[in-house]
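**Student:** from the sequence below, what's the structure:
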Amino acid sequence: MIWFQLGREYKLSVAEILSVFPDGKTVFLNNDFLILDNISKSDVLLKANNLWWTIKIVKISEWDLKNNWISNITDQALESEWKFKYWLSIFGEKKNLKNILIQQKKELKLKSISSRFVNKDFKNLSSAQIIWEKLIDKKRDFNYIYSWNNVYFWISIWVQDINSYSKRDYSKDRDMQVGMLPPKLCQIMINISWAKNIYDPFVWLWTILIESILIWNNEVYWSDLSEVMVEKSTNNINSFIKSSLFKNKENLKINLIIEKLNSKFINESDILKNKKIDSIVSEWYLWEVMTKKNISIDRIQKQKDSLLKIYEWFFSWLQKINYKWNLVICFPFWDIKWKYFYFTEIYDVLNKYCNIELLFPNNYQIETTKSWSLLYKRDKQLVWREIFKLRIK
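**Tutor:** Numbers count the residues shown, from 1 in each chain. Next up, the predicted model:
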């Protein structure tokens, strides 16, 4: 069994994991973690770096249920030349971590094992601490996991590389008047699409395509009407290929398929006509950037009216050319003084031209929005995203 610690927007995290591991059988699920069976450790480690809404992964075996915690680590502890240093986190139930750590130390002492726990202020470890201490390589990040009537104790096998994410989020040639789709959200959208050959008909700053390359896709397809965005996107992708983020992929020959096109007339796309595209993943230009000082319902409505015309053309043309593959697209919604204003006008367009795909199996007790979407929210931002997986009717 594999245990996944879920991210802040746990519904997005679950949707992503189930898309990447469709054969996994759910053993347990709550707002904090998911346990899947019928998937292997090797497969998980191969794909883990593409799970951008998962914090930590632990491999659990049936052996864990038959042995107490000290049996699981005795061999490691006895191999330590000096004091056995370890770190411990607890998930699933509110327990007094301080008392558990002190009790563990006493039990190890009875086994003649000199030990030291390194939890600062008796708190669970952060991803940054695990990375800094290299605990995954050392096999020293221990976890108590409480699930129903079971208690698991095992070692983490993977933790999210937050340093890589930070570089991806802030190293691009950014235009704050245009904005940028967050890399984490890009990766989730790609994973939800189940696609390899992705086409982004409104490329912005290449974020979706960079994330696509990072999961070993060597052909990237995109189009944009703006010469400025073509130039900035080209600069970003070239800088990325030369960066440390591209390490271990030096032998991956990138084939860039670029097309100048107004996405309103997607039917004219040579990429769709001539390439083996299996998904469109994109976000449209959000027009003007609004601040707390100038945001208003009237300005939002004008923005929605402009976007709606483009979307109407886009989806109608996809229907006319009989586009058969997935679309994963996010639409904006706005926050004005803690009240949400959704792009409700787009729902009629979607229902007219698209089937909205389920993001979870029917037996999952996870609620999406009433429109079958998932929401992505970031603190201190006025414009948030509503994510749909679609099929043209």
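
**Student:** remind me which residues of this protein are low pLDDT?
**Tutor:** Low-confidence segments of the chain (pLDDT under 70): 62-82, 165-180, 204-205, 216, 244-252, 285-288.

**Student:** for the closest residue to residue 381 other than its chain neighbours, give the beta-bridge partners.
**Tutor:** Nearest non-adjacent residue to residue 381, counting by C-beta to C-beta, 6 or more residues apart in numbering: residue 335, 7.5 Å away. Glycine gets a C-beta too; all of them are placed from N, C-alpha and C. Per DSSP bridges, the residues bridged to residue 335 are residue 340.

**Student:** wait, residue 335 sits on residue 380?
**Tutor:** No: under the criterion of C-beta atoms under 8 Å, residue 335 is not in contact with residue 380, lying 9.9 Å apart.

**Student:** more neighbours, these two?
**Tutor:** Set residue 335 next to residue 380 and count neighbours by other C-beta atoms under 10 Å: residue 335 wins out with 16 against 6.

**Student:** show me what contacts that one?
**Tutor:** 341, 381, 382, 383, 384 (C-beta atoms under 8 Å, 6 or more residues apart in numbering).

**Student:** ok, it to residue 300 distance?
**Tutor:** Separation of residue 335 from residue 300 (C-beta to C-beta, to the nearest Å): 10 Å.

**Student:** ditto for residue 134
**Tutor:** 47 Å.

**Student:** okay, the two: which has more neighbours?
**Tutor:** Legend: neighbour count by other C-beta under 10 Å for residue 134 and residue 300, higher for residue 300 (19 against 10).

**Student:** hmm, residue 333 and that one touching each other?
**Tutor:** No: using C-beta under 8 Å as the test, residue 300 is too far from residue 333 to be in contact (9.2 Å).

**Student:** shared neighbours of those two, anything?
**Tutor:** With C-beta under 8 Å, 6+ apart as the test, residue 300 and residue 333 both reach residue 341.

**Student:** of all the contacts of residue 335, which comes closest to residue 24?
**Tutor:** Distance ranking of the contacts of residue 335 against residue 24, using C-beta to C-beta, places residue 384 first at 29.1 Å.

**Student:** for the closest one, name its beta-bridge partners.
**Tutor:** Applying DSSP bridges, one finds that residue 384 bridges with residue 333.

**Student:** that one: what's it in contact with?
**Tutor:** 332, 333, 334, 335, 340, 375, 376, 377, 378.

**Student:** ok, now with 10 Å
**Tutor:** For residue 384, the contacting residues are 330, 331, 332, 333, 334, 335, 340, 342, 375, 376, 377, 378, by C-beta atoms under 10 Å, 6 or more residues apart in numbering.

**Student:** ok, now residue 275?
**Tutor:** So residue 275 contacts 197, 199, 219, 221, 257, 259, 269 (C-beta under 10 Å, 6+ apart).

**Student:** narrow those residues to those in helices?
**Tutor:** Assigned to helices by DSSP state H, none of the contacts of residue 275 qualify.

**Student:** ranges for the helices of the chain?
**Tutor:** Under DSSP H, the chain gives helices at 10-20, 41-47, 63-66, 69-79, 97-110, 127-132, 135-138, 162-170, 183-193, 207-214, 227-242, 270-274, 297-320, 345-353.

**Student:** may I see the ones you listed arranged in CSV, with distance to residue 91 as well?
**Tutor:** Shown next, in CSV, are the helices of the chain (distance: least, C-beta to C-beta, whole Å):
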stretch, distance to residue 91
helix 10-20, 13
helix 41-47, 18
helix 63-66, 14
helix 69-79, 14
helix 97-110, 11
helix 127-132, 14
helix 135-138, 16
helix 162-170, 19
helix 183-193, 21
helix 207-214, 28
helix 227-242, 35
helix 270-274, 45
helix 297-320, 40
helix 345-353, 37
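
**Student:** just the buried ones out of the contacts of residue 384, please.
**Tutor:** Buried members of these, counted by 16 or more other C-beta atoms under 10 Å: 330, 331, 332, 333, 334, 335, 342, 375, 376.

**Student:** biggest separation within the residues you listed, which pair?
**Tutor:** Top of the distance list for the buried ones among the contacts of residue 384 (C-beta to C-beta): 330 and 335, 15.4 Å.

**Student:** follow-up on the earlier one: out of the helices of the chain, which comes closest to residue 361?
**Tutor:** Using C-beta to C-beta, the helices of the chain put helix 10-20 closest to residue 361, at 7.4 Å.

**Student:** other SSEs contacting the closest one?
**Tutor:** Applying 3 or more C-beta pairs under 10 Å, 6 or more residues apart in numbering; DSSP states H and E, we find helix 10-20 packed against strand 2-6, strand 25-29, strand 33-37, helix 41-47, strand 54-59, helix 183-193, strand 374-376, strand 383-392.

**Student:** go with 7 Å
**Tutor:** When contacts are defined as 3 or more C-beta pairs under 7 Å, 6 or more residues apart in numbering; DSSP states H and E, helix 10-20 packs onto strand 2-6, helix 183-193, strand 374-376.

**Student:** tell me the buried residues in the longest one?
**Tutor:** Right, helix 183-193. Buried-residue list, helix 183-193, by 16+ other C-beta under 10 Å: 183, 184, 185, 186, 187, 188, 189, 190, 191, 192, 193.
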